[in-house]
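Trainee: For reference, the sequence and a predicted model appear below.
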Amino acid sequence: MAAVWTWIGFGILAFLLVVLLHDLIQTKHAILRSFPVIGHLRYLLEKIGPELRQYIVTENDADRPFSRDQRRWIYASAKQQNNLFGFGTDNDLDIQRNYLIIKHAAFPKPDLGFDEGQAVQAAKVLGGPRRRAKAFTPASLVNISSMSYGSLSGAAVTALNKGANLAGALHGSGEGGLTTYHDQGGDLVWQIGTGYFGCRDAAGNFDLGRFLENVDRFPVKAIEVKLSQGAKPGLGGLLPGKKVTPEIAAIRGIPVGEDCHSPPGHSSFHDVDSMLDFVEWLASETGLPVGIKSAVGEIEFWEDLADQMVSGERGVDFIIIDGGEGGTGAGPLAFTDHVALPFLHAFPRVHDVFTQRGVADQVMWIGSGRLGLPDRGLLAMTLGVDMINVGREAMMAAGCIQAQRCHTGHCPTGVATNSKWLERGLDPTDKGLRVGRFIQTLRFELGRMARACGVDHPSTVSPAQLEIINGMTASRTAHEIFINR
C-alpha cells in the first residue's frame, strides 16, 4: 500500500513540475510567469467568482439581476416548499429609492385557497377584436417567454413545455424553430424571427409551405413575429458552425456545420405598412392570432403602427413589449446594458400612443423583462399589461442558479447548454413539475394581491393603489408617474 501512495506522490510532483515549467516558459500570462503554479488559483477564483458571491458575499437583496431573496422565493415556489419569509422585511424602507408599495383596501376581497386561486386567466380574447377564426381566451395570465432550442438544452425546453402543459400556460418557441422538445403537451406561440428558422427556403427567405406544415404539425395557438429582444435589441444573431449539428440543421433548415446568421431585420417586410401586410397574410392563411415582439427604442415606429391601425382594416392581435433589462440570450455588454428602454419606461410610452389613438383595446398587451415576481408583475398589470411572459424566472424554476454562464455553453445545471454531459443532470419530468408549480404560484400571488386591493382580477387594480417611495419623505403613485405624466 505504501508503494501505491509513493507512486501517487511521484505523479503529483511530476504534474506540478510540468505545470511549473510551462508557467515559466509561456509568455501569455504575466501572473503565471511571476507566480508559477499558485497563479492558477487567481484564474480559478475569477472563473467561479459569480457562484461564490451568490453564497458567501451577497446580501439578500443585493445580487443582480435577481436577488437571493427573489431566487429563494422562485425555488421554493417551484418545489412547493415553504415560500414565506419570517421576522418582517429586511429592507430598510427609510432609505430605499424607487421602492414599490401596494396599498391594500380597508375591506379586501376574501382570500382564495391555492387550488382555487392559481387558475387566473387572461381578461381578454386573443384575436377577438380582429375576429380571427382561431381566437381564444388564454387560460393563464402568466406564460413562458420565447427561448430557442440551441440556446437552451433539449431537456430544458422539454421541461418548460411540460410545465406549460401542467399550468395551462402558453410556451413561446424562440426563433430557433419548433422541435419535438416543444411538443410535450403545452400549447405553443411560434416565434418567427429574422432568420425564419423552420419556415425558410434555401436562400433564407420566408417559405409559406414550410410554415403551414409546422403550424399543422404542432399545437400552435398564435404567431409571434419578433422584431427585437431585450438581450440584444437591434442586433441579429450567430450560431457558430460547430454548434450546427444535423439535428439543429434539420430544425432550422440550414446546412450542417456552417455558421448560422440571423440578420438584424426581416426580408419579408421593411416598414410598418409591409409588416401589417405580412401579419394579415399569416393570419388569413392560418386563422391564428398574429402579433409582434419588440424592445422599445425610437417611438416613431409605434406612432406609425397605431396610426395605421385606426382604420381597423389591418392590425396586430398582440404586442409583447420586452424591457431592455430583460432577455435570456447572450449579447454584447453595451447592448445589454444601454440599448433599449427598461420596461417601466418602454411600456407606458407605447401604450399611451395607442390609447391616444383609441386603438389600445384592439391589442392584447404582453409584458416581459423581469416581471415574474408578484410585485413587479402587478405593477405591470396596473399600467395596462394583459398577460406576463416569464423567461429567466422559468429557467430558475427549471434549475438555473444564475451562474451567468449562458453565453459559454457550460451552464452547470444543464439549462443553457448543448453539452450532453451537463444536460443529463436535468430531469425534464421533475423540472417540468417545478416550472408548472412556479407559474401556478405566481398566478395565485397576483390574484391574492388583487383581492387584497379589493378587486377580483389583477388587471383591475388601479395604478393609484401602487405607490413608489423614495426615502423617508418622497412618494408618488404609479398613476402619477406613469399615466398622468
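Mentor: Structure's in. What do you need? Numbers count the residues shown, from 1 in each chain.

Trainee: What about the closest residue to residue 85 other than its chain neighbours, how many residues nearby?
Mentor: Of all residues not flanking residue 85 in the chain, residue 69 sits nearest, at 7.2 Å (C-beta to C-beta, 6 or more residues apart in numbering). Where C-beta positions appear, they are placed from N, C-alpha and C, glycine not excepted. Number of residues near residue 69 (other C-beta atoms under 10 Å) recorded here: 18.

Trainee: doesn't residue 69 fall inside a strand?
Mentor: No. Applying DSSP: H, G, I helix; E, B strand; the rest coil, one finds residue 69 to be helix, outside a strand.

Trainee: what about the spatially closest residue to residue 294 that is not a sequence neighbour, how many residues close to it?
Mentor: Closest residue in space to residue 294, ignoring its immediate chain neighbours: residue 227 at 4.1 Å, by C-beta to C-beta, 6+ apart. By other C-beta under 10 Å, the residues close to residue 227 number 19.

Trainee: Next: residue 208.
Mentor: 12.

Trainee: mind listing what it touches?
Mentor: 199, 285 (C-beta atoms under 8 Å, 6 or more residues apart in numbering).

Trainee: before we move on, which element is the closest residue in space to residue 185 that isn't next to it in sequence in?
Mentor: Of all residues not flanking residue 185 in the chain, residue 165 sits nearest, at 3.5 Å (C-beta to C-beta, 6+ apart). Applying DSSP states H and E as the criterion places residue 165 in helix 154-167.

Trainee: Flag every buried residue along that helix.
Mentor: For helix 154-167, the neighbour count (16 or more other C-beta atoms under 10 Å) marks 154-167 as buried.

Trainee: Would you mind measuring from the residue nearest to residue 185 to residue 142?
Mentor: 14 Å (C-beta to C-beta, to the nearest Å).

Trainee: next one: residue 263
Mentor: Distance, residue 263 to residue 142, using C-beta to C-beta: 32 Å.

Trainee: who has more neighbours, these two?
Mentor: Between residue 263 and residue 142, residue 142 has the larger neighbour count (other C-beta under 10 Å), namely 29 against 14.

Trainee: Confirm for me that the more buried one is in contact with residue 436.
Mentor: No. Counting by C-beta atoms under 8 Å, residue 142 does not reach residue 436; the two are 10.9 Å apart.

Trainee: Common neighbours of those two, please.
Mentor: With C-beta under 8 Å, 6+ apart as the test, residue 142 and residue 436 both reach 167, 169.

Trainee: ok, back up a step: which one of the buried residues of helix 154-167 is nearest to residue 121?
Mentor: Of all the buried residues of helix 154-167, residue 121 sits closest to residue 167, with 11.3 Å by C-beta to C-beta.

Trainee: Contact partners for residue 190?
Mentor: 173, 178, 198, 214-215, 218, 220, 222-224.

Trainee: Which of the three states applies to it?
Mentor: Residue 190 ends up strand, using three-state DSSP.

Trainee: hang on, the earlier thing: using pLDDT, spot the least trustworthy of the contacts of residue 190.
Mentor: Among the contacts of residue 190, residue 198 carries the weakest pLDDT, at 90.

Trainee: Excluding covalently adjacent residues, which one is nearest to that residue?
Mentor: residue 177 (3.1 Å).

Trainee: now swap in residue 136 and tell me
Mentor: Of all residues not flanking residue 136 in the chain, residue 126 sits nearest, at 5.9 Å (C-beta to C-beta, 6+ apart).

Trainee: Then residue 297?
Mentor: Counting by C-beta to C-beta, 6+ apart, the residue nearest residue 297 is residue 340, at 5.8 Å.

Trainee: Let me see the contact set for residue 184.
Mentor: Contacts of residue 184 (C-beta under 8 Å, 6+ apart): 158, 161-162, 165, 428, 432.

Trainee: Next up, phi/psi of it, please.
Mentor: phi -120, psi 20 (degrees, to the nearest 10).

Trainee: any idea how far residue 250 is from residue 210?
Mentor: Taken as C-beta to C-beta, the span from residue 210 to residue 250 is 12 Å.

Trainee: higher neighbour count, those two?
Mentor: residue 210 (16 against 13).

Trainee: Output the helix or strand harbouring that one as CSV, restricted to C-alpha atoms.
Mentor: Assigned by DSSP H and E, residue 210 belongs to helix 208-217. Taking Å, rounded to 0.1, in the frame of the first residue of the first chain, the C-alpha atoms of helix 208-217 are listed here in CSV:
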residue,chain,number,x,y,z
LEU,A,208,-45.2,29.7,-46.7
GLY,A,209,-45.4,26.0,-47.4
ARG,A,210,-42.9,25.0,-44.7
PHE,A,211,-44.6,27.5,-42.3
LEU,A,212,-48.1,25.9,-42.8
GLU,A,213,-46.6,22.4,-42.5
ASN,A,214,-45.3,23.2,-39.0
VAL,A,215,-48.5,25.0,-38.0
ASP,A,216,-50.4,21.9,-38.8
ARG,A,217,-47.8,19.6,-37.1
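
Trainee: Name the residues that touch the very next helix or strand once past it?
Mentor: Next helix or strand after helix 208-217 toward the C-terminus (DSSP H and E): strand 220-226. Residues external to strand 220-226 that are found in contact with it (C-beta under 8 Å, 6+ apart): 126-127, 134, 136, 146, 170, 172, 175, 178, 187-194, 214, 266, 275, 278-279, 282-283, 286, 288-294, 317-318, 320.

Trainee: Now, those that are in strands?
Mentor: Under the assignment DSSP state E, those contribute 170, 172, 187-192, 290-294, 318, 320 to strands.

Trainee: tell me which of the residues you listed is nearest to residue 345?
Mentor: Using C-beta to C-beta, these come closest to residue 345 at residue 294, 14.2 Å.

Trainee: Just give the number of residues close to the closest one.
Mentor: 22.

Trainee: where exactly do the strands run in the stretch 251-400 of the chain?
Mentor: 260-262, 290-294, 318-322, 364-368, 387-390 (DSSP state E, counting those that start in this stretch).

Trainee: weakest of those by average pLDDT?
Mentor: strand 260-262 has the lowest average pLDDT among the strands of the stretch 251-400 of the chain, namely a mean of 75.

Trainee: That one pairs with which strands?
Mentor: strand 237-239 (antiparallel) (DSSP bridges).

Trainee: ok, and for stretch 309-322, which residues are buried?
Mentor: Quick answer for stretch 309-322 (16+ other C-beta under 10 Å): 309, 314-322.

Trainee: In the stretch 201-350 of the chain, where is pLDDT below threshold?
Mentor: 230-240, 242-243, 326-331 (pLDDT under 70).

Trainee: Tell me where it has helices.
Mentor: For the stretch 201-350 of the chain, the helices defined by DSSP state H, counting those that start in this stretch occupy 208-217, 246-252, 272-286, 300-309, 333-338, 343-356.
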